[in-house]
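Asker: Here is a sequence with its predicted model. Questions after.
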Number of protein chains: 2
Amino acid sequence: MNIYDVSKKASVSIATVSRVLNGNPNVSDKTRARVLEVMENLGYTPNVFARGLGLNTMRTIGIMCSDSSDLYLANAIYYLERDLRLNGYDSILCCTGYELETKQKYFDLLCSKRVDAIILAGSKFIEPRPKDNAYIQSAAAMIPIMLLNGYLEGENIYSTICDDFAATYHAASQLIKSGRRKPLYLYTSTSYSGANKLKGYQAALKDGGICLGSDYVHQCRKDITAAKELLLSLRDQGLEFDSILTSSDSLAAGAVKYAHTAGISIPNELSIIGYNNSILSRCTDPELTSIDSKVEALCASTVNTLMGVFGGVNVPSRTTVAADLIKRATTNF
Amino acid sequence: MNIYDVSKKASVSIATVSRVLNGNPNVSDKTRARVLEVMENLGYTPNVFARGLGLNTMRTIGIMCSDSSDLYLANAIYYLERDLRLNGYDSILCCTGYELETKQKYFDLLCSKRVDAIILAGSKFIEPRPKDNAYIQSAAAMIPIMLLNGYLEGENIYSTICDDFAATYHAASQLIKSGRRKPLYLYTSTSYSGANKLKGYQAALKDGGICLGSDYVHQCRKDITAAKELLLSLRDQGLEFDSILTSSDSLAAGAVKYAHTAGISIPNELSIIGYNNSILSRCTDPELTSIDSKVEALCASTVNTLMGVFGGVNVPSRTTVAADLIKRATTNF
DNA sequence: AGAATAATTGTAAGTGCTTACAATACTGCT
DNA sequence: AGCAGTATTGTAAGCACTTACAATTATTCT
C-alpha cells in the first residue's frame, strides 16, 4: 500500500497525492476531497522512511536526560513529550547516566538518527571544562540544541533556565525576615543551576547582614537518609543552625527526618525549605515549604523556542522562567 | 556524504559498502578493513531513512505509558530504555493519558512510524470491554505487542506480569499472622493488576479465617491527601480497623498522615503496607513497609522476551515475576 | 593445466516519497 | 473567438540505501 495505490484509485498523479499529504495549497478542493476519501477507504499511512528520505526530517526530537526516574526529570520528560506532540513532533528518549563518554555516545547516536533537534534536559550535561562541551557545540552546526536548565554559549544553542538565583535568594531572605539567623545550605550538584542556587543563598545572607562560616554550606548525595545522617553528624559536631535551605526535596525530606530523630520541632526550632515542589513535599510531616521550579513552564518555553527556531523566527538564545515559593508547614512565614 | 562517496574512495561498489554496513559475511577481510577505514576517515554515518526504506525497520521500539511522571512508570521507562538500548534498539516514548481515544490515536501513530514493536507499560491499557482492546489485537498482526503488567489474550501479544495476587496475599497474611484482625484495603485502579491485588487480599482474609464486610475495601484516588481524608471520614463513620493494605505507596503515605492527624501510633495501633517500594516509602515517618513489585526485573524480562520474539525463538506468551515484601517501620513483623 | 566449485564483487532494480519544471486546464478580458 | 494570466495537475529525477542475481576472481581437485 503506497502512494501509487492511492493515486490510481483517485485517478490522479502521485504528485497530487503527495501534495495532499503535505498540505500544499495548490490542489483544488474537489481533488483534495477525493484523495482524502480514497486514503481513508484504503487505510493508507505514508511510509515515514520514504518521507524522511525526501524531506530529510522525521519530525522527531531527541530528548536526553541523565536519569528518567529522577522525579524532576520524569516530570520534564512528560511535559516535553506532550508539548512536542502537540506541535506534531515525536520524541525519542535517551537516558545517558552521568558519564561524559556515554553522554557523547548517545548524543552521536541521536544525531545519526537524524533527529531535528536535541533537548538536553537537566543541568547535568554541561561540563566544567569547556573542551568537554565541544561535541555539543559542533553538533549545533547541524541541528538546534536546546538546554533545559543549563547554559552554554554558542550559535544555534538555546537555553531555558529557571531563575534559581532569585529563587534561593528569595527563600533565604524569607527565612531571615522570619527571624532565622543561622540558615544552613544543603546541595547536591555543582552544575550551572546548582551554582546559581548557592549564589542566591549567599547573596541573601550578605544582604541580610548575616555572616556565617563555610561550614554552613554542605554538599550531600541526593538521598533522604544521606541528608539525615549528615545533619545528625553536623549537630554532633556542635554546629548550630535554625533553618535549612536545600537544593532538592529529597534533601529537605532528609532534614525533616533529622528533626524527628533529634526531637527538634518544625518549624518552631527549625525551618526547612525544599526545592522542586515534588510529590515528596506533600509526603513529609509537616509538609514541606518548597520552591516550585516551574517545570511545566520551563518545558513549554523550551518547545516554544524550538518551534520558533524551526519557523525561522528570531528567538532569544536564553529564556528565564521565574520560580515560586510554595509555603507549607515547615516554615513559620 | 553517502554510500557512493565511500564506495569511490574505497574503490569498491556500493553493494560492498552496504554489505560492510550490515555485517554481511560475504566480504573479504581486506576489503572490509579498507571500507571501514574509509568510513572512519570520512566520518560517514549511514542515513537512517534510506536504511529504513530498504530494511523496513528502524530498530526502534515504541513505548506507551499513561503518564511518565508517575513514579512507577518513570522507573519502568528508565529500565526499558536502558535494556532496549543495550540490545541496539532505540525507544520512542508516548505518554497517552487515560482516555481510550487518545491511546488509540497514539497507538496508530506509533504503528505508522514503523516501530518494530510496541510496549504498553502499565496496566492502564487493557480496557474492561473486549472490543475496546481490538485495536491492540489487530496491530499484533503487524508487530509484536508487549504488555508490562497487563494481560490480553492474542497471537503475537506477550505479557510480563508481577504476581500481584501472591504479593498482597502474602502481605495480608503477614498482617493477620502478626495479630491484626481488621485489615482495611485501599486501592485506586480496577485494572488487571489492580484486580489481582484485591483478590490476593481477599483470599488471605478467607484463608486466615477473617470475615469482614465490604466496607473494609475502598477505592481512592492515588493521592496522599485524598487517602488521608478518606480514612478520617471512615473513622468518623465508626469503622474500626487495625491495619491498612494499599495498592500504592501514595495511598500508604496518606495512611501515615491520617495516623499522625488522628494521633494513632504506628505500628502499635495501626500497621500500614504500601506497594511499589518507591521513594515515598523512605520518605514517610515511620518508613513504609512496602511491596517491591520488581520493576527492573519486569522490564528486563519484557525486553528479553521481545528479543526472543525478534530472534524467532519460541517464547512464552506470559511471564510472571515474583514480588518482594520489604519490611520497614510501619508494621510490627 | 583445466574444470569444477566456492568466494567475492558488481550491476541494476527496487523501496515510497518529494519537488522542480513542464504541461494542461481554467479564468476573465478584449 | 483568442489571448494572457493563473490555477491545477503530471512527469520524471532525485533521496540513500538494500539485495537478488549476474559476473568475476580465487581456490581446490584431478
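Answerer: Everything's here; your move.

Asker: Is stretch A:186-200 in proximity to chain B?
Answerer: No. Stretch A:186-200 lies out of reach of chain B by CB under 8 Å from any CB of the partner chain, never closer than 14.7 Å. Heads up, the C-betas are built off the backbone N, CA and C, glycines and all.

Asker: Reduced to three states, what does the nearest residue to residue A:286 once chain neighbours are set aside come out as?
Answerer: Nearest residue to residue A:286 in three dimensions, chain neighbours excluded: residue A:329, at 3.3 Å (CB to CB, 6 or more residues apart in numbering or on different chains). Of the three states, residue A:329 takes coil according to DSSP: H, G, I helix; E, B strand; the rest coil.

Asker: Pretty sure residue A:329 sits against residue A:271.
Answerer: No. Between residue A:329 and residue A:271 there is no contact under CB atoms under 8 Å: 10.3 Å.

Asker: how big is the angle separating the helix or strand bottoming out on mean pLDDT in chain A from strand B:90-95?
Answerer: Counting by mean pLDDT, DSSP states H and E, chain A has its least confident helix or strand at strand A:90-95, which shows a mean of 85. Per axes from the mean of the first three to the mean of the last three CA atoms, to 10 degrees, the angle that strand A:90-95 makes with strand B:90-95 is 120 degrees.

Asker: other SSEs contacting strand A:90-95?
Answerer: Secondary-structure packing of strand A:90-95 (3 or more CB pairs under 8 Å, 6 or more residues apart in numbering or on different chains; DSSP states H and E): strand A:60-65, helix A:71-86, helix A:100-112, helix B:71-86, strand B:90-95.

Asker: JSON lines for the ones you listed, including mean neighbour count?
Answerer: Output for those, formatted as JSON lines (neighbours: other CB atoms under 10 Å in any protein chain shown):
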{"stretch": "strand A:60-65", "mean neighbour count": "24"}
{"stretch": "helix A:71-86", "mean neighbour count": "22"}
{"stretch": "helix A:100-112", "mean neighbour count": "16"}
{"stretch": "helix B:71-86", "mean neighbour count": "22"}
{"stretch": "strand B:90-95", "mean neighbour count": "24"}
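
Asker: Show me the one of these that comes nearest DNA strand C.
Answerer: strand A:60-65 (15.2 Å; CB to the nearest atom of the strand).

Asker: what's next to that closest one, contact-wise?
Answerer: A:73, A:76-77, A:80-81, A:84, A:89-96, A:103, A:106-107, A:110-111, A:113, A:115-122, A:125, A:306, B:92 (CB atoms under 8 Å, 6 or more residues apart in numbering or on different chains).

Asker: got the contact list for stretch A:166-178?
Answerer: With contacts defined as CB under 8 Å, 6+ apart, stretch A:166-178 is touched by A:183, A:185, A:196-201, A:203-205, A:207-208, A:210, A:243, A:245, A:271, A:273, A:275, A:291, A:293, A:322-323, A:325, A:331-333.

Asker: just the buried members of the residues you listed?
Answerer: A:183, A:185, A:196-198, A:200-201, A:203-205, A:208, A:210, A:243, A:245, A:271, A:273, A:275, A:291, A:293, A:323, A:325, A:331 (16 or more other CB atoms under 10 Å in any protein chain shown).

Asker: Please flag which of those residues sit within strands.
Answerer: A:183, A:185, A:243, A:245, A:271, A:273, A:275, A:291, A:325 (DSSP state E).

Asker: Need the max-distance pair from these.
Answerer: Among these, the pair separated by the greatest distance (CB to CB) is A:185 and A:325, at 15.8 Å.

Asker: how much space between residue A:27 and residue A:36?
Answerer: Look at residue A:27 and residue A:36: by CB to CB, to the nearest Å, they are 10 Å apart.

Asker: which of those two has more neighbours?
Answerer: Taking other CB atoms under 10 Å in any protein chain shown, residue A:27 and residue A:36 do not tie; residue A:27 has more neighbours (19 against 15).

Asker: Residue A:194 should be in a strand, yeah?
Answerer: No. Residue A:194 is assigned helix when assessed by three-state DSSP, not a strand.

Asker: so how far is residue B:102 from it?
Answerer: Distance from residue A:194 to residue B:102, by CB to CB: 37 Å.

Asker: returning to what we had before: just the angle between the least confident helix or strand of chain A and strand B:60-65, please?
Answerer: Using the same axes, to 10 degrees: strand A:90-95 against strand B:60-65 is 90 degrees.

Asker: buried sites along stretch A:265-279?
Answerer: Judged by neighbour count (16+ other CB under 10 Å), stretch A:265-279 contains these buried residues: A:266-267, A:270-279.

Asker: Farthest-apart pair in those residues, please.
Answerer: Farthest pair in these (CB to CB) is A:270 and A:279. Separation: 22.4 Å.

Asker: shared neighbours of residue A:27 and residue A:36, which are they?
Answerer: Shared contacts of residue A:27 and residue A:36, defined by CB under 8 Å, 6+ apart, comprise residue A:20.

Asker: which regions of the stretch 51-200 of chain A sit below the pLDDT cut-off?
Answerer: Low-confidence segments of the stretch 51-200 of chain A (pLDDT under 70): none present.

Asker: what residues does it put near chain B?
Answerer: Residues of the stretch 51-200 of chain A lying near chain B by CB under 8 Å from any CB: A:51-53, A:56, A:58, A:60, A:67-69, A:71, A:74-75, A:77-78, A:81-82, A:85, A:90-95, A:109, A:111-114.

Asker: DNA strand D next: which of these are close?
Answerer: Of the residues in those, proximity to DNA strand D by CB under 7 Å from any atom of the strand holds for residue A:53.

Asker: Need the distance between the two termini of stretch A:318-333.
Answerer: Start-to-end span of stretch A:318-333 (CA to CA, to the nearest Å) is 33 Å.

Asker: Give the rounded mean pLDDT of that stretch.
Answerer: Mean pLDDT, stretch A:318-333: 96.

Asker: which residues of the stretch 201-333 of chain A fall in strands?
Answerer: For the stretch 201-333 of chain A, the strands defined by DSSP state E, counting those that start in this stretch cover A:217-219, A:243-246, A:271-275, A:289-292, A:318-321, A:324-326.

Asker: Which strands border the first one, and is each parallel or antiparallel?
Answerer: Meaning strand A:217-219. Strand pairing for strand A:217-219, using DSSP bridges, gives strand A:183-187 (parallel).
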